[in-house]
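A.B. asks: what shape does this take:
(one chain, ligands or ions: 1)
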Amino acid sequence: MDNKYFLGFDIGGTNARCALILSENGQFKILTSQKHSIRGAQTPKDVALVIRHVVEKIPADFNISPNDLSGIGVAIAGQIAIDEHTILNAPNLNWHGVDFQAAIHDAIGDLAPDVSIKIANDLNAIAWGEYNFGAARSISSLLAVYVGTGIGGGLIIDGKLMLGADNVSGEIGHCKFPHYKDYPCGCGQNGCIEAFAGGKAIEYRILHDIQNNVITREALGLDADEHPTARCIERAYKNDLPYARAFWDETALAIGMLIANAIAILNPHALLLGGGVLEGCPSLLHLVIDHVMDLAPRSATANLQFIKPTLHDDAGTLGAALLCLK
Ligand SMILES: [Zn+2]
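C.D. replies: Coordinates of the predicted model:
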């Protein structure tokens, strides 16, 4: 029996998800998963201390010593350098050029001095998790596009996770379109599609329209203290509000055109569409799929499968742990 234990983390802008994972004869099983708030604790050192807390607590609950962990995989929404420990750019955390592996080693050095730590892009981890154990099993070429706070992508070709020459392939949210050239992106450049159609950008656009009297909070059905999000557009779209129809048409065209162009280049077997905005807004998702089918080359869509995530919150932690084996 070959039992190994891994900790997987998926660090978002406000939460850190974590899971203790058992690898037994090639099968991976999540023993427990948790969510920790990192709101207000967002320096690399602060987040590393959250990781320390987990390393101290969770293995102990299963009578495992932190030193017996075979690896710690950390997925994070950002661009990771080819050394797989430096975060080049994580806009939601405002981290740039951070050696996060060193920060974690500093935080847990006394608990698990020899454990290997791998840092991965969150969409690479999610795509790899869904490919190995979720919705995309047995699909050898996969494009994953997630619209959440930002827009991320992960790419598997012929069963291999594509990392690119500099470990930053799949950064689909930072593709540029001339229509968005005046939109500044968290990556430091202008014109990225994420700066127009990511969840954070959607909220910004609604707020801007409310402030400029293009639409009222009442028309959007917002309570007095409710923050406008993609879901209020989805709700208003279903109520046939012209503003919401136009908003979703424009947003879906942007995302659909982006994905159609990626399909023209990659010709994947399947498209995995997820993330809080697409999963929480089915009308937007349908419009995006319509545009993809309309705009991508016919030869590449004839057999294209559209699939939904099945691992949900576990995909990133499981995928990050799996990447420790690579
Ligand atoms: Zn960008």
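A.B. asks: what's the pLDDT at whatever residue of the stretch 1-150 of the chain ends up closest to the ion?
C.D. replies: With Cβ to the ion as the measure, the residue in the stretch 1-150 of the chain that lies nearest the ion is Pro91; the distance is 7.5 Å. Any C-beta I mention is one placed from the backbone N, CA and C, and that applies to glycine too. Confidence per residue is given as pLDDT, and for Pro91 that number is 86.
A.B. asks: which residues does it contact?
C.D. replies: Pro91 makes contact with Ala77, Gly78, Gly150, Cys185, Gly186, Cys187 under the criterion Cβ atoms under 8 Å, 6 or more residues apart in numbering.
A.B. asks: what of Pro113?
C.D. replies: Asn67.
A.B. asks: name the element it belongs to?
C.D. replies: Element membership for Pro113, per DSSP states H and E: none, as it lies in no helix or strand.
A.B. asks: can you give me the pLDDT of it?
C.D. replies: Model confidence at Pro113, given as pLDDT, is 94.
A.B. asks: so what does it look like in phi/psi?
C.D. replies: phi -60, psi -30 (degrees, to the nearest 10).
A.B. asks: likewise Phe6?
C.D. replies: Backbone geometry at Phe6, expressed as degrees, to the nearest 10, gives phi -130, psi 150.
A.B. asks: who's in contact with stretch 231-243?
C.D. replies: Looking at stretch 231-243 with Cβ under 8 Å, 6+ apart, the contacting residues turn out to be 202, 206, 209, 214-215, 219-222, 226, 244-245, 247-248, 280-284.
A.B. asks: looking at these, which are in helices?
C.D. replies: By the criterion of DSSP state H, membership of the contacts of stretch 231-243 in helices covers Ile202, Ile206, Asp209, Ala244, Arg245, Phe247, Trp248, Gly280, Pro282, Ser283, Leu284.
A.B. asks: and which of the residues you listed is nearest the ion?
C.D. replies: Closest approach to the ion among those (Cβ to the ion): Ile202, at 15.4 Å.
A.B. asks: so that closest one is in contact with Thr229, correct?
C.D. replies: Yes: applying Cβ atoms under 8 Å, one finds Ile202 in contact with Thr229, separated by 7.4 Å.
A.B. asks: who has more neighbours out of these two?
C.D. replies: For the pair Ile202 and Thr229, the greater number of neighbours falls to Ile202 (25 against 19), based on other Cβ atoms under 10 Å.
A.B. asks: what is the burial count for the closest residue to the more buried one other than its chain neighbours?
C.D. replies: If you skip the residues right next to it in sequence, Ile202 has Ala230 as its closest partner in space, 4.8 Å away by Cβ to Cβ, 6 or more residues apart in numbering. Counted with other Cβ under 10 Å, the neighbours of Ala230 add up to 26.
A.B. asks: list the contacts of Ala230.
C.D. replies: The neighbours of Ala230, taking Cβ under 8 Å, 6+ apart as the test, are Gly199, Ile202, Glu203, Gly276, Val277, Gly280, Cys281, Leu284.
A.B. asks: state the distance from it to Lys181.
C.D. replies: Counting by Cβ to Cβ, to the nearest Å, the separation of Ala230 from Lys181 is 23 Å.
A.B. asks: cool, and Leu143?
C.D. replies: The gap separating Leu143 from Lys181 is 25 Å, by Cβ to Cβ.
A.B. asks: neighbour count for these two, which is higher?
C.D. replies: The residue with more neighbours, out of Leu143 and Lys181 and counting by other Cβ under 10 Å, is Leu143; that gives 26 against 11.
A.B. asks: ok, and the closest non-adjacent residue to the more buried one?
C.D. replies: Nearest in space to Leu143, with sequence neighbours left out and distances taken as Cβ to Cβ, 6+ apart, is Pro268 at 4.3 Å.
A.B. asks: the one you found against Ser141, yeah?
C.D. replies: Yes: applying Cβ under 8 Å, one finds Pro268 in contact with Ser141, separated by 4.5 Å.
A.B. asks: where do the contact lists of these two overlap?
C.D. replies: Ile157.
A.B. asks: who's more crowded, those two?
C.D. replies: Pro268 (22 against 17).
A.B. asks: could you confirm the more buried one falls within a helix?
C.D. replies: No: secondary structure of Pro268 (DSSP: H, G, I helix; E, B strand; the rest coil): coil, not part of a helix.
A.B. asks: next one: it from the ion, what distance?
C.D. replies: Distance from Pro268 to the ion, counting by Cβ to the ion, to the nearest Å: 23 Å.
A.B. asks: how about the helices in this structure?
C.D. replies: The residue ranges that make up the helices of the chain, judged by DSSP H, are 44-61, 100-108, 122-133, 194-197, 199-211, 230-238, 242-266, 276-280, 282-295, 298-301, 314-323.
A.B. asks: local confidence estimate at the nearest residue to Ser140 once chain neighbours are set aside?
C.D. replies: Spatial nearest neighbour of Ser140, chain neighbours left out: Gly159 (4.9 Å); criterion: Cβ to Cβ, 6+ apart. pLDDT for Gly159: 95.
A.B. asks: how close does Gly159 get to Ala125?
C.D. replies: Following Cβ to Cβ, the distance that separates Gly159 from Ala125 is 16 Å.
A.B. asks: how about Asn63?
C.D. replies: In this structure, Asn63 and Ala125 are separated by 27 Å, where distance is defined by Cβ to Cβ.
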